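Colleague: The following comprises the amino acid sequence and a computationally predicted model.
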Number of protein chains: 2
Amino acid sequence: MSQRIRFTLPQAEIPAAWYNLLADLPEPLPPPLHPATRQPVTPDMLTAIFPENLVQQEISSERWIEIPEPVREIYALWRPTPLLRAVRLEKALQTPAHIYYKYEGVSPAGSHKPNTAVAQAFYNRQAGTRRLATETGAGQWGSSLAFACRLFGLECVVYMVKVSFQQKPYRKLLMQTWGATVHASPSDQTEYGRRVLREDPNCPGSLGIAISEAIEDTVKHPGTKYSLGSVLNHVCLHQTVIGQEALKQMEMAGEEPDVVIACVGGGSNFAGLAFPFVHRKLTEKKQTRIVAVEPTACASLTKGELRYDFGDTAEMTPLLMMYTLGHKFIPPKIHAGGLRYHGMAPLVSHLKKLNLIEAVAYPQTRVFEAAVLFARTEGIVPAPEPSHAIAAAVDEAIRAREEGKPRVILFNLCGHGLLDLSAYDQYLSGQMKDTDNGNSQTES
Amino acid sequence: MSQRIRFTLPQAEIPAAWYNLLADLPEPLPPPLHPATRQPVTPDMLTAIFPENLVQQEISSERWIEIPEPVREIYALWRPTPLLRAVRLEKALQTPAHIYYKYEGVSPAGSHKPNTAVAQAFYNRQAGTRRLATETGAGQWGSSLAFACRLFGLECVVYMVKVSFQQKPYRKLLMQTWGATVHASPSDQTEYGRRVLREDPNCPGSLGIAISEAIEDTVKHPGTKYSLGSVLNHVCLHQTVIGQEALKQMEMAGEEPDVVIACVGGGSNFAGLAFPFVHRKLTEKKQTRIVAVEPTACASLTKGELRYDFGDTAEMTPLLMMYTLGHKFIPPKIHAGGLRYHGMAPLVSHLKKLNLIEAVAYPQTRVFEAAVLFARTEGIVPAPEPSHAIAAAVDEAIRAREEGKPRVILFNLCGHGLLDLSAYDQYLSGQMKDTDNGNSQTES
C-alpha cells in the first residue's frame, strides 16, 4: 500500500460556518476611527461603501457565522481543498520533520481568494448591489472577484497595480475572460489617480493607491459597492474554511502540528489557516506556534509600528489600529505582488501584539530558492506569495534536522504560480535581485 | 443541504491497475510495420528508442496491468481527480440534461498528461535510462514529462512546435522551472530540423516534425530514450485511471452516462476516459454512446483515411494503421496545439472502424464560444483542447432540450486554460478566425 500523502474530505465536509475570532479575543480589538473626527466609526458610515449585511459581519461578535448554502454550493467547485504531506521535500532536506501543506491553488482562480470573493458577491447580490469595484495587486484578488461577480451576475471593475498589470498580463486576461473591466492603477478613471499621475507619470502604483481609486469609483457610481480582498475582519472570517478543514485533515493524518505557517500581505490567507488554530490555543490551551511570514521588502509586522493608520494612500478609509509602514509607503516591485501592502489586518496585528503569533521576514531571492526547491521536489509550482511560507517551513525543517528533533510543520500553499512564471524565469536566469532596502522608497 | 455537485475519492481509491483494451478487442489490432520491410516490427526493433519494459507493455494482452507503488504515490499528488456536475452550465442552457465532467486540470502541469509521464519516467528510470527526449505541441506534454523526469532524476529535452513555443512562453518557462531543456522545432539541433529550416526558414513546425527531431536526438545520444505523450498503446493504457475513477464517481452520483465525450488529437485523454466505458460496452453490453471530438482544422477521424502511415514527418517511426491526414500534413495554427496531429492512436482508430465510437469535428470559434460559456458559468477556464469536448457536450444538452428528453452527459475536462489566456484574448477581442480549410495547407 502506498504511503498516505493526500488527505481529502467529501463535499459534505465543507464547513457549515465561518469562525469569528472576534468572539474569543482575550482583549478587545481597538475600533476603526473616523478619519476626520477620530471617533469610532458607526456602522452607517461604512454602508457608504459596503452593503449592510457585510458591515454587520465586520462587527459581529458571534463565534460561528453560518455559511449560506449558495456560497457552499460554489465552494464545492474546489472545496474541500486537499491537505498533502511533502514527503519528497522532507527527503530532499533529510529532515526528521513531517511537512504538511494545505493547497488552495485548486480553485478556479488558483488561490484562496475566491473563499471571500464568493461570499462578498453573494451578500452584495442579496443587498441589491449591481456593480463591485476593487483593487488588486498581483491580480489574484481581482481575478477571484471577477469570477465571483460573474457567478452572481454583478458587474466588476478592478484597479490593478500598474507594475503587476504590466508584469502579469495573464491575470488581466483572466479577469477579462470572466467579464471584468480592468484599469492599470494609477489610472485616469479617478481624480485621485489623475493627481498621482500628474505628480509621477511613471508611478508603479501600490495597493494603497489602487484602494483609493476603487473607493472613489464606488462613491461616484450609483449601485456600486466596494470590495476588499484582505485586511478587514469579514474577509479574514470568510477564509477560516481553510483552517477548519486543515484541522480535520491533520486529524486524519493522525498528527498535531507543532508549527503553523502562512505568508502575510494584508493577512487573509494567514488568518484563514491560523485563526482556527488560534481558537484552539485560546480555548484548549494548545501550544501550537503560529508564524506569519512577510517579505523583507514590505515588512509591516517585523519593521512597522503598531498605530492607527489609513488603509489607503489618499486617506479615504477609516483609521485602523495595525502594524504599518505608513500609508504613503510604496513597496519595491517584488514579484509577490499580493504582499505589497503597507499595513496588516487589525486582527492579525492584534494577535501579534498579544504574542499569540510570531512574525519573520524573508528576502525575495531566498523565497525563490525555496519555491524552486518545492517545485522540483513536490511538483507544484508555487506562487511567489506562499513561497514565503515555504521558505520558513524549509528553515523549520532544517532546524529540526540540526537539532535532531522531529516536529510537525503545516503551511498554507495559498496559490500556484502558473501565472507567475516570468518571475521564475528571472530567478533561474540569475537576474533577480533583493530589494529589501525598500525603506529608501518610503515616502512617509 | 447543498446540492451534491462534487464527487471525490480518497487516495486509497487511486486505481490499482491500468486497463488494457487490447485484451478485449473483438478483432485484433493490425500490427505496426517496419518502414523498410513493411513486415510487422519485432519488439527488439522498438528497444532502440523505448526501454524494454515499456515495449512489453505496448504489446501486452493482459487485461489489467498493475500500477507500481512509486507511480501511485506520485499520482496521489493530484489523484483521484474530482468529478463535478455542471449545474450552472445546465441552467444557462435550460436543458433537462445532467452534465458531468471529470477534471484533470488539478495536476501540477494542469492536464491529464502527467498520468503517463510519471509512468514512463518510472519505467525508464527502472531500465537505466538517464535522459528522455520528446516533442510537445502546446507544451502540456512537454511540461508533464519535465515534471515527471525531475521527480525520478532523469534529464529531459523537449522539442516544442515553434508556433506554440512563440505563442505560449509560459509553458516553456514551466518546463524550464522543472529543469528541462527546450528547443523550438524545427531546430538546429538535429539534421532533420536543419533540413526543414533550409527548405522553409519560417516553418511553424508540427508535431510530426518535432517527433522526427526527438527520435533523431534519441538515437544519437547514449543513455537517451524517446518518450511519446499520446498515440501509442501504452500511453492510452496509462490514461485509463481517468475512466476507472469516473465510473466509480458516476456511481456515487447515482447516474449512468448516456454519452461520454472527449477531445482527440493523438487520442490519449479520449482513451483515458473512454476505454473503461468501452470495456463495459464490450463485456456488459452497455449502450453508452462514446464521442471523440476533433478540430475541423485537423480532422483525422472525420476527414482522414484509415491506412498505414508514419507517425512522424521524416518517416522514422514504424507504420501505424490509423486514421490519418497524411504524415506530411501541417495543420493550421489553431490554439488547441495539443490537437495538431496528422494521425490518430491506432486503438482509437480501431474503435472508430468497429463503430464502437463516434467522431465529430468543430471549428475553432465555436470551440471558444463554448469555452467562454463554460468559464463564465462553471468558473473553470478550460484549455482549448477540452473545449472541443465542451462544445459537443453543449450541443448534446441543447438537443436534449429541443427533444424534451433528459440525458446524462459525461465529458473529460482534461486541462485548464490558465496558460492559454492569449487565445481567449484573441477570441474576446474578435480577432479569432476559423482556419478549418486546413487542407489547403496539406503537403501530401
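Modeller: That came through fine.
Colleague: residues touching residue A:350, list them.
Modeller: Residues in contact with residue A:350, defined by C-beta atoms under 8 Å, 6 or more residues apart in numbering or on different chains, are A:25, A:27, A:29-30, A:321. Using the backbone N, CA and C atoms, a C-beta is placed for each residue, glycine as well.
Colleague: Kindly recompute the last result at 6 Å.
Modeller: For residue A:350, the contact set (C-beta atoms under 6 Å, 6 or more residues apart in numbering or on different chains) comprises residue A:29.
Colleague: That one: helix or strand, and which one exactly?
Modeller: Taking DSSP states H and E as the criterion, the element that holds residue A:350 is helix A:346-353.
Colleague: Please report the distance of the closest residue in space to residue A:86 that isn't next to it in sequence from chain B.
Modeller: Once flanking residues are discounted, residue A:86 sits nearest to residue A:99: 4.3 Å by C-beta to C-beta, 6 or more residues apart in numbering or on different chains. Per C-beta to the nearest C-beta, to the nearest Å, residue A:99 is found 14 Å from chain B.
Colleague: now residue A:375
Modeller: Counting by C-beta to the nearest C-beta, the gap from residue A:375 to chain B is 6 Å.
Colleague: What parts of the stretch 51-200 of chain A come near chain B?
Modeller: Contact residues, the stretch 51-200 of chain A versus chain B (C-beta under 6 Å from any C-beta of the partner chain): A:69, A:72-73, A:76-77, A:106, A:108, A:147, A:150, A:170, A:173-174, A:177.
Colleague: So which of the residues you listed sits lowest on pLDDT?
Modeller: Comparing pLDDT over these, residue A:170 scores lowest. The value there is 89.
Colleague: From what I see, residue A:244 and residue A:276 are in contact.
Modeller: Yes. If you go by C-beta atoms under 6 Å, residue A:244 and residue A:276 touch, sitting 5.0 Å apart.
Colleague: between the residues of the stretch 51-200 of chain A next to chain B, which is nearest residue B:65?
Modeller: Nearest to residue B:65 among those is residue A:106, at 29.2 Å by C-beta to C-beta.
Colleague: Please name the spatially closest residue to that closest one (chain neighbours excluded).
Modeller: Excluding its sequence neighbours, the residue lying closest to residue A:106 (C-beta to C-beta, 6+ apart) is residue A:78, at 4.9 Å.
Colleague: My read is that the one you found contacts residue A:105, right?
Modeller: No. Between residue A:78 and residue A:105 there is no contact under C-beta under 6 Å: 9.3 Å.
Colleague: Buried residues, stretch A:89-98. List them.
Modeller: For stretch A:89-98, burial by neighbour count (16 or more other C-beta atoms under 10 Å in any protein chain shown) applies to A:89-90, A:92-93, A:95, A:97-98.
Colleague: Contacts for that stretch, please.
Modeller: Residues from elsewhere that reach stretch A:89-98, judged by C-beta under 6 Å, 6+ apart: A:99, A:377-378, A:397, A:400-401, A:406-409.
Colleague: Now the buried members of the residues of the stretch 51-200 of chain A next to chain B.
Modeller: Buried members of these, counted by 16+ other C-beta under 10 Å: A:72-73, A:76-77, A:106, A:108, A:147, A:150, A:170, A:173-174, A:177.
Colleague: who are the neighbours in contact with the residue nearest in space to the middle of chain A?
Modeller: Nearest residue to the geometric centre of chain A (C-alpha atoms, centre = their mean): residue A:268, 3.6 Å. Residues counted as contacts of residue A:268 (C-beta under 6 Å, 6+ apart) are A:230, A:235-236, A:239.
Colleague: ok so, going back, when you check the residues of the stretch 51-200 of chain A next to chain B against the strands, which ones overlap?
Modeller: Under the assignment DSSP state E, these contribute nothing to strands.
Colleague: Now for the nearest residue to the residue nearest to the centre of chain A once chain neighbours are set aside: which residues touch it?
Modeller: Leaving out its chain neighbours, the residue that sits closest to residue A:268 by C-beta to C-beta, 6+ apart is residue A:230, at 4.1 Å. Counting by C-beta under 6 Å, 6+ apart, residue A:230 makes contact with A:266-268.
Colleague: returning to that earlier point: the residue nearest to residue A:86 belongs to a helix?
Modeller: No. Applying DSSP: H, G, I helix; E, B strand; the rest coil, one finds residue A:99 to be strand, outside a helix.
Colleague: That one: neighbour count?
Modeller: Neighbour count for residue A:99, taken as other C-beta atoms under 10 Å in any protein chain shown: 27.
Colleague: Report the beta-bridge partner residues of it.
Modeller: Applying DSSP bridges to residue A:99 gives these bridge partners: residue A:409.
Colleague: Poorly predicted segments of chain A, please.
Modeller: Applying pLDDT under 70 to chain A flags residues A:1, A:435-444.
Colleague: And it, split by domain according to the record?
Modeller: Following automatic domain parsing, chain A resolves into domains at A:5-12+A:78-110+A:240-443, A:17-66+A:113-233.
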